[in-house]
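**Q** for reference, the sequence and a predicted model appear below.
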Amino acid sequence: MIVFPNAKINIGLNITARRPDGYHDLETVFYPVKIYDVLEAVESTELSFEASGLGIPGREEDNLCIKGYHLLKRDFPNLPPVKIHLHKNIPIGAGLGGGSADAAFFIKLMNQQFKLGLDEEAMMGYARKLGADCAFFINNKPVYAFEKGDEFEPVNLDLSAYAIVLVMPDAHVSTAEAYRGVKPAQVNETVYDLVKMPVTAWKRQIRNDFEAHIFNDHPVIRGVKAELYERGALYASMSGSGASVFGIFESTPILQHLEETCQVFYNM
Ligand SMILES: C[C@](O)(CO)[C@H](O)COP(=O)(O)OP(=O)(O)OC[C@H]1O[C@@H](n2ccc(N)nc2=O)[C@H](O)[C@@H]1O
Ligand SMILES: Nc1ncnc2c1ncn2[C@@H]1O[C@H](COP(=O)(O)OP(=O)(O)OP(=O)(O)O)[C@@H](O)[C@H]1O
């Protein structure tokens with residue numbers, strides 16, 4: 001069976017508190033975007049994993065698909081071994097949740113292929129154990145996320161009338177590095193309320209708390225955001241912990257200059 005895990009962007013991201021478990025409470029809106037990995041799992045005689053496309057750093061046994069397999073196997077001992085192939089397109093260290101999407105789609109795939117009988121809530125439970133971002137990709141619809149980023153409230157947000165462009169500069173930011181640099185602070189108005197405003201008003205109101213220190217460490221990312229505004233973006237922001245930056249435009253812009261140094265994905 002083959003599935004196509006997609007990426008997400010964060011519209012607004014406020015880090016509100018440091019938690020006793022070392023994680024942070026945050027509030028953000030997750031919005032799915034149309035850039036996809038390709039993930040296949042077929043029944044086999046032994047568990048195996050191979051990857052193509054973008055190189056994935058780290059050991060094979062730490063890949064979130066393999067971790068997902070072991071997690072399910074603990075509760076479903078009769079789960080047969082599978083041969084996994086992952087073709088990686090979603091940039092890594094990008095704040096696009098690519099690894100988390102693979103993990104969540106892997107759980108959905110196994111549930112369907114081997115009739116595990118898990119409902120959405122149960123699959124989210126497994127996903128939360130693999131990463132804070134993972135549970136979002138089970139339902140994969142725009143949501144307001146809070147606590148560790150793994151509790152959700154649906155939001156009525158449809159950006160399909162706009163052209164979303166995603167830019168990945170030559171910089172990678174690890175999520176743990178990004179969290180180490182922020183000072184949590186409570187918010188006056190939540191992103192849940194702020195996204196109800198017209199997109200043209202977002203620029204003055206909706207912030208990503210990671211930007212300040214990540215821009216200082218990686219000025220190239222600040223430059224990308226500035227250029228998106230120069231090219232007419234109604235709203236532009238780093239996604240999640242970076243390094244990718246998205247722009248929301250009225251119509252598809254021409255970003256020739258950025259294309260010289262960055263990967264640019266149009267019509268997301
Ligand atoms: C930056 C975001 O993408 C925003 O949506 C997410 O919060 C990141 O979620 P994720 O990549 O699934 O994160 P995990 O793999 O669970 O955690 C990676 C590291 O990020 C930090 N982390 C993550 C989520 C969170 N709410 N607080 C944290 O402090 C922790 O140091 C953790 O060790
Ligand atoms: N299937 C996977 N795809 C990509 N990275 C994976 C995968 N499984 C495990 N990883 C590990 O996760 C790391 C990427 O995590 P990181 O948090 O930096 O990514 P990100 O793409 O910015 O995602 P996020 O938006 O969740 O922060 C990689 O360096 C790799 O070691």
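**A** Everything's here; your move. Ligands and ions are numbered 1, 2, ... in the order given.
**Q** mind listing what the closest residue to ligand 2 within the stretch 151-268 of the chain touches?
**A** Per Cβ to the nearest ligand atom, Thr175 is where the stretch 151-268 of the chain lies closest to ligand 2, at 3.5 Å. Any C-beta I mention is one placed from the backbone N, CA and C, and that applies to glycine too. Neighbouring residues of Thr175 by Cβ atoms under 8 Å, 6 or more residues apart in numbering: Gly95, Gly240, Ser241.
**Q** which parts of the stretch 1-150 of the chain are strands?
**A** Secondary structure of the stretch 1-150 of the chain (DSSP state E, counting those that start in this stretch): strands at 2-3, 6-18, 24-36, 38-43, 48-53, 82-88, 143-146.
**Q** contacting residues for the nearest residue to Ala41 once chain neighbours are set aside?
**A** Sequence neighbours aside, Val82 is the residue nearest to Ala41 in space, at 4.4 Å (criterion: Cβ to Cβ, 6 or more residues apart in numbering). Contacts of Val82 were listed using Cβ under 8 Å, 6+ apart, and they are Ala41, Val42, Glu43, Ser44, Leu47, Ser48, Tyr69, Met110.
**Q** just checking, the last one touches Leu71?
**A** No. Met110 sits out of contact with Leu71 when judged by Cβ atoms under 8 Å, with a separation of 10.0 Å.
**Q** measure how buried Gly55 is and give me the count.
**A** 8 (other Cβ atoms under 10 Å).
**Q** ok, it - contacts?
**A** Lys88.
**Q** any idea how far Lys83 is from it?
**A** Noted for Gly55: a distance of 20 Å to Lys83, by Cβ to Cβ, to the nearest Å.
**Q** how about Ile164?
**A** 35 Å.
**Q** out of these two, which sits in the busier spot?
**A** Between Ile164 and Lys83, Ile164 has the larger neighbour count (other Cβ under 10 Å), namely 21 against 15.
**Q** tilt between whichever strand or helix holds that one and strand 24-36?
**A** For Ile164, the host element (DSSP states H and E) is strand 163-168. Between strand 163-168 and strand 24-36, the angle comes out at 100 degrees (axes from the mean of the first three to the mean of the last three Cα atoms, to 10 degrees).
**Q** helix or strand right after strand 163-168?
**A** Once strand 163-168 ends, the next helix or strand along the chain (criterion: DSSP H and E) is helix 175-180.
**Q** could you dump that next one to PDB, C-alpha only?
**A** What follows is helix 175-180, C-alpha atoms only, in PDB (Å, rounded to 0.1, in the frame of the first residue of the first chain):
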ATOM      1  CA  THR A 175      13.700  21.800  16.500                       C
ATOM      2  CA  ALA A 176      15.500  21.300  19.800                       C
ATOM      3  CA  GLU A 177      17.900  24.200  18.900                       C
ATOM      4  CA  ALA A 178      14.900  26.400  18.200                       C
ATOM      5  CA  TYR A 179      13.200  25.800  21.500                       C
ATOM      6  CA  ARG A 180      16.400  26.400  23.500                       C
END
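**Q** give the helix, strand or coil label for Ala201.
**A** Assigned by DSSP: H, G, I helix; E, B strand; the rest coil, the conformation of Ala201 is helix.
**Q** give me every residue that touches Asp19.
**A** Careful, residue 19 is Arg; it's not Asp. Applying Cβ under 8 Å, 6+ apart, the residues contacting Arg19 are Asp25, Lys148.
**Q** contacting residues around Leu47?
**A** Leu47 neighbours (Cβ under 8 Å, 6+ apart): Ile66, Tyr69, Pro81, Val82, Lys83, Ile84.
**Q** do you know the pLDDT at the last one?
**A** If I follow you right, that is Ile84. What the model reports as pLDDT for Ile84 is 98.
**Q** need the pLDDT of the nearest residue to Gly12 once chain neighbours are set aside.
**A** Of all residues beyond its chain neighbours, the one nearest Gly12 is Val191 (3.6 Å), with distances taken as Cβ to Cβ, 6+ apart. At Val191, the pLDDT value in this model is 98.
**Q** burial count for Val191?
**A** For Val191, the neighbour count with other Cβ under 10 Å is 26.
**Q** could you do the one 4 residues further on as well?
**A** Around Val195 there are 21 other residues, counting by other Cβ under 10 Å.
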